[in-house]
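Asks: give me a 3D structure for the following:
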Amino acid sequence: MSTTSGQSVTLQFCGAAHTVTGSCLLFRTPRAQVLVDCGMFQGPKTLKSLNYGAFAFNPAEIDAVLLTHAHIDHSGLLPKLVAGGFRGRILATRGTIDLCSYLLPDAGYIQESEVATLNQRNAARGRAAVSPIYTKADAIASLNAFRPVDYETWLTVAPGVRARFWNAGHLLGSASVELEFEPASGGRPLTVLASGDIGPNGKLFQPDPDAPSGVDYVVCESTYGDSDRPEVSSKERRKHLADELRAARSAGGALLIPAFAVERTQELLVELLDLMERREVPSAPVFLDSPLAIRATEVFRQHASSLEGDFDIDRLLDSPHLHATETVEESKRIGRFSGFHIIVAGSGMCEAGRIRHHLKHWLWRRDATVLLTGFQARGTLGRFLADGATAVRIQGEEVKVAARIRQVDDYSGHADGPELIDWIASRHPIRRGIFLEHGERRALEALRQRVVDRFHDAPVCLVPELDQRFELGGDAARPLEGVQRRLQPEAVENLDWHNEMSRLILDINTRLEAASSDRERDQLVRTLRQALGSAGPAGPRG
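Replies: Residues are numbered from 1 along each chain as shown. Next up, the predicted model:
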């Protein structure tokens, strides 16, 4: 049955299409425009450049934002939205609001700091200065637009649009958002469920995800759509972490844990400290070297009564083994430590923050260990390390990779492929269609195939591209033509020239170092110059 008599509802994917960052869904009706999330793009520079450009919509025309959770790839462009003219409400759970009150100002501060450093280099090179995406002051100002909502409670968010939030089990305050669009005259309302990020079953602090069934459309994340993680009990998870700690201690150097400041850090700290308290692993200093994670930890203390698990969070976080290093001076002093110690610092994908300084200090040493505990997006430093890079560039400098690079996925905040398909199955009947987003190509294709294999009578399953727009009326979604694309699909999915240039520089340096003589090095340089169409000065002869 048609949704309405004349009411048109469209959905545009303004982010997280064929990538895992920049989440932003735009719903348009003749009476309203509503966003679900307004996240920052991360990864290759070509993708991150979207953060600096114009939105795919006019911020002043948006009536409301429904925020699924606080992670920056879902919330990070809200200050830019407000600064650009948005005057509506940002609706989110209390946990999400409390976390955003720290995450967004911190993001603004990081942008100001990084742009200041970049502008110093630009001045030396005779290049024009650039401006941050937004400032800390912009972020603080945007917090005035936030309004708290309760789970499973309907509220009117814009003319003709209602919504309610369901616990997504991903993060403190995380939600899936159910939207209901009022028909123009008679008929049944159109309903859409946006998953947000879906947590795995048995997550340390969160309940299993929940959401309604019997909607017209489901928009589902696909981060781990191609993964089948083995089922791991809490006991097995603790054993895996304990084994990694013992191995790192045997190596003799620092254990670096690049961790997402919100929830992943708190989960790891609680498990680490509990293992030490129970003497299941040797005690060692644990440095929490992230001002943002320190503040987020206090939010978790405030919400401790709403978290799952049997831990006494307050007691564990007061452990004498835990040292919170908030100032730059305190962070630098960690570099004086030798022997085994643990440094937990952001960011989780090694793209910013203090972890990059610690990696420069330790990555070239064989006694060091780097433990990756979350998803590493394409084009990030964490992904290069996970993929086995032998050298990387950090802040313009080449660093050899001699440290042990380890990964554990037991603390993932995302459901894997089987859990995602089970979540989709629990939403049935889905009357008109499924959209898959928030994933890289391999994960998206794998989850789409799971849908096809599992549900022989399932509605159409679509994998939209960035900025693609769909008409949601009729019996199925219809793609609309004439939509301006900010990036072509291949630019979204592939590593860009910045990444390739870094790889090329590393490869050239490796070849030069491996050459047996200056003559061989000279010949390599000449060959490169010829390829660039420049003869250049002759090098020394060997």
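
Asks: pop the domain breakdown of this protein in here.
Replies: When the chain is parsed with automatic domain parsing, its domains come out as 10-227+413-493, 234-407, 498-532.

Asks: continuing past the helix or strand of the chain with the lowest mean pLDDT, what's the next helix or strand?
Replies: Least confident helix or strand, the chain: helix 497-514 with a mean of 73, by mean pLDDT, DSSP states H and E. Per DSSP states H and E, the first helix or strand lying C-terminal to helix 497-514 is helix 518-532.

Asks: run the chain-centre distance for that following helix.
Replies: Centroid separation for helix 518-532 versus its chain: 41 Å, with C-alpha atoms, centre = their mean, to the nearest Å.

Asks: by contact count, what packs against it?
Replies: helix 497-514 (3 or more C-beta pairs under 8 Å, 6 or more residues apart in numbering; DSSP states H and E). Heads up, the C-betas are built off the backbone N, CA and C, glycines and all.

Asks: can you do 6 Å?
Replies: The contact analysis (3 or more C-beta pairs under 6 Å, 6 or more residues apart in numbering; DSSP states H and E) places helix 518-532 against no helix or strand.

Asks: what's around residue 427, how many residues?
Replies: Neighbour count for residue 427, taken as other C-beta atoms under 10 Å: 18.

Asks: and for the one 3 residues further on?
Replies: By other C-beta under 10 Å, the residues close to residue 430 number 22.

Asks: how many neighbouring residues does the nearest residue to it once chain neighbours are set aside have?
Replies: Using C-beta to C-beta, 6 or more residues apart in numbering and skipping residues adjacent in sequence, the residue nearest residue 430 is residue 218, 5.3 Å away. Number of residues near residue 218 (other C-beta under 10 Å) recorded here: 26.

Asks: list the contacts for residue 218?
Replies: 193, 427, 430, 434 (C-beta atoms under 6 Å, 6 or more residues apart in numbering).

Asks: try residue 107
Replies: Per C-beta under 6 Å, 6+ apart, neighbours of residue 107: 72, 76.

Asks: wasn't it part of a helix?
Replies: Yes: per DSSP: H, G, I helix; E, B strand; the rest coil, residue 107 lies within a helix segment.

Asks: give me the pLDDT for it.
Replies: As predicted, residue 107 sits at a pLDDT of 92.

Asks: what helix or strand is residue 104 on?
Replies: Here residue 104 is assigned to helix 94-124, by DSSP H and E.

Asks: now pLDDT too, for the contacts of residue 218, in a markdown table please.
Replies: Listed next are the contacts of residue 218 as a markdown table, based on pLDDT from 0 to 100:
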| residue | pLDDT |
| --- | --- |
| 193 | 98 |
| 427 | 96 |
| 430 | 95 |
| 434 | 97 |
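
Asks: may I see these organised as JSON lines, with distance to residue 54 added?
Replies: Listed next are the contacts of residue 218 as JSON lines, based on distance: C-beta to C-beta, whole Å:
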{"residue": "193", "distance to residue 54": "29"}
{"residue": "427", "distance to residue 54": "34"}
{"residue": "430", "distance to residue 54": "34"}
{"residue": "434", "distance to residue 54": "30"}
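
Asks: out of those residues, who's nearest residue 242?
Replies: residue 427 (37.4 Å; C-beta to C-beta).

Asks: I figured that closest one was touching residue 213, is that so?
Replies: Yes: proximity of residue 427 to residue 213 meets the contact threshold set by C-beta atoms under 6 Å, at 5.1 Å.

Asks: residue 347: neighbour count?
Replies: By other C-beta under 10 Å, neighbour count at residue 347 equals 25.

Asks: the residue nearest to it when sequence neighbours are not counted: how many residues sit nearby?
Replies: Excluding its sequence neighbours, the residue lying closest to residue 347 (C-beta to C-beta, 6+ apart) is residue 353, at 4.7 Å. Number of residues near residue 353 (other C-beta under 10 Å) recorded here: 21.

Asks: tell me the SS of residue 353?
Replies: coil.

Asks: swap in residue 11?
Replies: When classified by three-state DSSP, residue 11 comes out as strand.

Asks: just give the closest residue to it, not the sequence neighbours.
Replies: residue 470 (5.1 Å).

Asks: phi first, then psi, for the one you found.
Replies: phi -130, psi 140 (degrees, to the nearest 10).

Asks: what is the burial count for it?
Replies: Residue 470 has 21 nearby residues by other C-beta under 10 Å.

Asks: could you report the pLDDT at residue 357?
Replies: 93.

Asks: quick one: buried residues of the helix or strand in which it is found?
Replies: Assigned by DSSP H and E, residue 357 falls within helix 355-362. Neighbour-count burial for helix 355-362, counted by 16 or more other C-beta atoms under 10 Å, picks out 355, 356, 357, 358, 359, 361, 362.

Asks: low-confidence ranges, the chain, go.
Replies: 1-7, 494-503, 534-542 (pLDDT under 70).

Asks: report how many residues lie close to residue 284.
Replies: Around residue 284 there are 18 residues (other C-beta under 10 Å).

Asks: could you tell me whether residue 287 really is in a strand?
Replies: Yes: the assignment for residue 287, made by three-state DSSP, places it in a strand.

Asks: next secondary structure element downstream of the helix holding residue 104?
Replies: helix 136-142.

Asks: run the chain-centre distance for that following helix.
Replies: For helix 136-142, the distance to the chain centre is 21 Å (C-alpha atoms, centre = their mean).

Asks: extract the CA atoms of it and return them as CSV.
Replies: Extracted C-alpha coordinates of helix 136-142, given in CSV (Å, rounded to 0.1, in the frame of the first residue of the first chain):
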residue,chain,number,x,y,z
LYS,A,136,36.5,25.0,20.4
ALA,A,137,34.3,28.0,20.9
ASP,A,138,32.1,26.8,18.0
ALA,A,139,31.8,23.4,19.6
ILE,A,140,30.8,24.8,23.0
ALA,A,141,28.2,27.0,21.4
SER,A,142,26.7,24.0,19.6
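
Asks: pull the distance from the helix or strand just after that helix to the chain's centre.
Replies: Next in sequence after helix 136-142, counting helices and strands by DSSP H and E, comes strand 146-149. Centroid separation between strand 146-149 and its chain, computed with C-alpha atoms, centre = their mean, is 22 Å.

Asks: likewise for stretch 486-494?
Replies: How far stretch 486-494 lies from its chain's middle: 18 Å, per C-alpha atoms, centre = their mean.

Asks: residue 119 versus residue 131, what's the distance?
Replies: Separation of residue 131 from residue 119 (C-beta to C-beta, to the nearest Å): 9 Å.

Asks: same deal with residue 521?
Replies: From residue 521 to residue 119 the distance is 35 Å (C-beta to C-beta).

Asks: how about residue 127?
Replies: Residue 127 is 9 Å from residue 119, by C-beta to C-beta.

Asks: and the residue most central in space within the chain, what element?
Replies: Among the residues of the chain, the one closest to the centroid is residue 73, at 4.9 Å (C-alpha atoms, centre = their mean). Element membership for residue 73 (DSSP H and E) is helix 72-75.
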